[in-house]
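In: give me the fold of what follows.
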Amino acid sequence: MTRSKRLGIALGLNVALVAGQVIFGLIAGSIGLLADAAHNLADVAAVIVALIAVRLSRRPPTPEHSYGYHRATILAALANAVVLLVATVIIVFEAVARLGNPEPVRAGIVVVVALTATVVNLVAALVLYEKRVDLNMRSALLHMAADAGASLGVAATGLVILVTGRFLWLDPAVSIAIGALIGVEAWKLMRSAVDVLLEATPDDLDLAALRIAMTDVDGVSDVHDLHVWSLSSGIRALSAHVVIESQPSLEQAETIGQLVKTAISEAFTIAHATLEFETVRHDGRQPDCESDLERHVPD
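Out: Residues are numbered from 1 along each chain as shown. Sure thing, here's the model as predicted:
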C-alpha cells in the first residue's frame, strides 16, 4: 500500500474520531476528552500536510528545483511538530486551570469514548508504521501514537472516577502528564527536522569512518572538504575533494571516482555524491585548496 493511501486511511479515521470526541467530551464535561479531541484535530492537520508533502516529493526535478521536492517532507515534519507543541501548550494551560477547580464528569461516557479513541489511533499508527526512517511519516505516526497513549490515559482516569466517584482532579492531571510527554517527543522531532534543513551531518553517520572508506580505495591518498547532508530523511548527498596519487588519465580518474561512490553508496546510504579530484604535487604535498565556504564567506 502506498504512503498516500495509508495517510488517507489515517486521515479518515481521525476526522471521524475528532467529531465524536468533541460531541461526547462536551456531553461528559471532560477536559480530558476535549484535550484528546484537540490532539486528534492536530492529527488531521498533520496528516493533511504529510499527504501533500508526499505528493510534492514525487515531482520530478526542475531547473528551478534541481534536487526535486524532497525537502517538502521535512518542512511537513517541522510544521507538524510545531502544531503539536502549540496544541500541547494550550491543553496543559487549560488543564492547569481546571486542576484548581475540578468539575464533575460523566465517567462512563469518558471510558467508552476514550477506549474507542485508543483503538482507532492504534489502528491508524499501525497503518502508518514502516521500517524505513522518514521524518514526514514519523511525524504523522508520532501524532497517532501520542494520541493513543493520551486516550488510554483518559480512559484509565475515567475508570477511576467511575469506580470511586472521587478524584475528579485526575481528569485534568492526566492531560498535563500526557501533554508533557508528547511535548518532549515533538521537540525531538522538531530538532531532527531543523538539523536536516540546516544541512547538518546525519546523526547516525560516522564521518571519520566515511573518510576512511574513501581513502581505502586504490589510488586515493586523501579526502578533504568532506560534507554530508540530508535532502530528506532517506536521501543523503555528499561533496568532497579527493586527492589522487600520481597523475592519472581522465579515464583512470573516472574509474577511481566510481569506485569511491560504490564504496560509500550502500554502506553509508549516500544517494548523490559530487567529487572534485586533485593530484599530489611533485614535491609530495597536496595542492593548496581552501574550502568553498572559506572562499565565499565575506570578511
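
In: what residues sit buried inside the helix or strand containing residue 76?
Out: Element membership for residue 76 (DSSP states H and E) is helix 71-99. Residues of helix 71-99 classed as buried by neighbour count (16 or more other CB atoms under 10 Å): 71-81, 83-85, 87-88, 91-92, 94-95, 98-99. In this view, the C-beta of every residue, glycine as well, is placed from N, C-alpha and C.

In: quick one: mean pLDDT over the helix or strand following it.
Out: Counting by DSSP H and E, the element after helix 71-99 in chain order, helix or strand, is helix 107-128. The average pLDDT within helix 107-128 is 83.

In: for helix 107-128, name the packing helices and strands.
Out: helix 3-28, helix 31-57, helix 135-164 (3 or more CB pairs under 8 Å, 6 or more residues apart in numbering; DSSP states H and E).

In: tell me the buried residues in it?
Out: Of the residues in helix 107-128, 107, 109-111, 113-118, 120-122, 124-125, 127-128 count as buried by neighbour count, 16+ other CB under 10 Å.

In: distance from it to the middle of the chain?
Out: 23 Å (CA atoms, centre = their mean, to the nearest Å).

In: dump that helix to PDB, restricted to CA.
Out: Presented in PDB, the C-alpha positions along helix 107-128 are these (Å, rounded to 0.1, in the frame of the first residue of the first chain):
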ATOM      1  CA  ALA A 107     -17.100   9.000  33.700                       C
ATOM      2  CA  GLY A 108     -18.900   6.200  31.900                       C
ATOM      3  CA  ILE A 109     -19.000   8.100  28.600                       C
ATOM      4  CA  VAL A 110     -15.400   9.100  29.100                       C
ATOM      5  CA  VAL A 111     -14.300   5.500  29.400                       C
ATOM      6  CA  VAL A 112     -16.100   4.200  26.400                       C
ATOM      7  CA  VAL A 113     -15.100   7.100  24.100                       C
ATOM      8  CA  ALA A 114     -11.500   7.100  25.300                       C
ATOM      9  CA  LEU A 115     -11.100   3.400  24.800                       C
ATOM     10  CA  THR A 116     -12.600   3.700  21.300                       C
ATOM     11  CA  ALA A 117     -10.200   6.500  20.500                       C
ATOM     12  CA  THR A 118      -7.300   4.400  21.700                       C
ATOM     13  CA  VAL A 119      -8.200   1.600  19.300                       C
ATOM     14  CA  VAL A 120      -8.700   4.000  16.400                       C
ATOM     15  CA  ASN A 121      -5.400   5.700  17.000                       C
ATOM     16  CA  LEU A 122      -3.600   2.400  17.300                       C
ATOM     17  CA  VAL A 123      -5.100   1.200  14.000                       C
ATOM     18  CA  ALA A 124      -4.000   4.500  12.400                       C
ATOM     19  CA  ALA A 125      -0.500   4.100  13.800                       C
ATOM     20  CA  LEU A 126      -0.200   0.500  12.500                       C
ATOM     21  CA  VAL A 127      -1.300   1.700   9.100                       C
ATOM     22  CA  LEU A 128       1.400   4.400   9.000                       C
END
